[in-house]
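Chemist: pasted the sequence and its predicted model underneath.
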Amino acid sequence: MGYADIFLKAIFVENMIFAYFLGMCSYLAVSKTVKTGMGLGLAVIFVLGITVPINYLLENYVLKEGALDWLDTSFATLDLSFLSFIMFIAVIASMVQLVEMIVEKFAPALYGALGIFLPLIAVNCSILGGALFMQERQYANIGEATIFGLGSGVGWWLAIVAIAAIREKIRYSHVPEPLRGLGITFIITGLMGIAFMSFMGI
């Protein structure tokens, strides 16, 4: 599978929000304005683009059975794959801390607007989902893993910016009172999910 195929498939066919509904908590909470949605979406692209290739290297050169063979032949049968979850999460938490420091330094207004949801990227299930999908799909090289990570991030960014733009517009619409807020947001998200299913050929 070519890089373009992996990238486009990650954005449209296997979109983290509309295909797997991963990262919904941040998606719903931060999508009230396009500005905050854009900021968090870019942070997610950065974190996925960094953590998926790092976790790919960790998986293939440290954790898998025989992965430490390059260190010494006596490690050829050593299998550390049971540590995958905790190691992936440690990498994600480290990168999120880096993103948090960068945003606080260079965009304090955005840092204030995102609030608690910036450090919560560390427990955003779409980030861990990216690492686990990479592990499951056994990409041939680090290039494919990186493209998948970036594509997944772009897909998540596209979803949150789209819903934020729609939420800004529907403030001026006559939405029935029981559906205002999260109610109409869930309905729109479901409709967008159905629309994205068309990319699967459904």
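Modeler: Structure's in. What do you need?
Chemist: tell me the contacts of the nearest residue to Gly143 once chain neighbours are set aside?
Modeler: Among residues not flanking Gly143 along the chain, Tyr3 sits closest, at 6.7 Å (Cβ to Cβ, 6 or more residues apart in numbering). Just so you know, the C-beta spots here come from the backbone N, C-alpha and C atoms, and that holds for glycine as well. Tyr3 makes contact with Gly143, Glu144, Ile147, according to Cβ atoms under 8 Å, 6 or more residues apart in numbering.
Chemist: between those, which is closest to Cys125?
Modeler: Distances from Cys125 to the contacts of Tyr3, taken as Cβ to Cβ, are shortest for Ile147 (21.1 Å).
Chemist: next up, the contacts around that closest one.
Modeler: Ile147 makes contact with Tyr3, Ile6, Phe7, Ala10, according to Cβ under 8 Å, 6+ apart.
Chemist: now do 10 Å
Modeler: Contact analysis of Ile147 by Cβ atoms under 10 Å, 6 or more residues apart in numbering lists 1-10, 49, 52-53, 139.
Chemist: next one: Gly130
Modeler: Gly130 neighbours (Cβ under 10 Å, 6+ apart): 10, 16, 22-23, 44, 47-49, 51-52, 55, 88, 92, 124, 145, 148-153, 156.
Chemist: please apply the same query to Phe18.
Modeler: Phe18 touches 12, 155-156, 158-159, 162, 189-190, 192-197, 199, counting by Cβ under 10 Å, 6+ apart.
Chemist: how much space between the residue nearest to Gly143 and Gly155?
Modeler: Distance, Tyr3 to Gly155, by Cβ to Cβ, to the nearest Å: 15 Å.
Chemist: ok, Met24 touching Phe186?
Modeler: Yes: the pair Met24 / Phe186 is scored as a contact, 9.5 Å apart, by Cβ atoms under 10 Å.
Chemist: these two: which has the busier surroundings?
Modeler: Legend: neighbour count by other Cβ atoms under 10 Å for Met24 and Phe186, higher for Met24 (17 against 13).
Chemist: and that one, its phi and psi?
Modeler: Main-chain torsions, Met24, degrees, to the nearest 10: phi -70, psi -30.
Chemist: not counting sequence-adjacent ones, nearest residue to it?
Modeler: In space, and not counting its chain neighbours, Met24 is closest to Ile17: 7.0 Å by Cβ to Cβ, 6+ apart.
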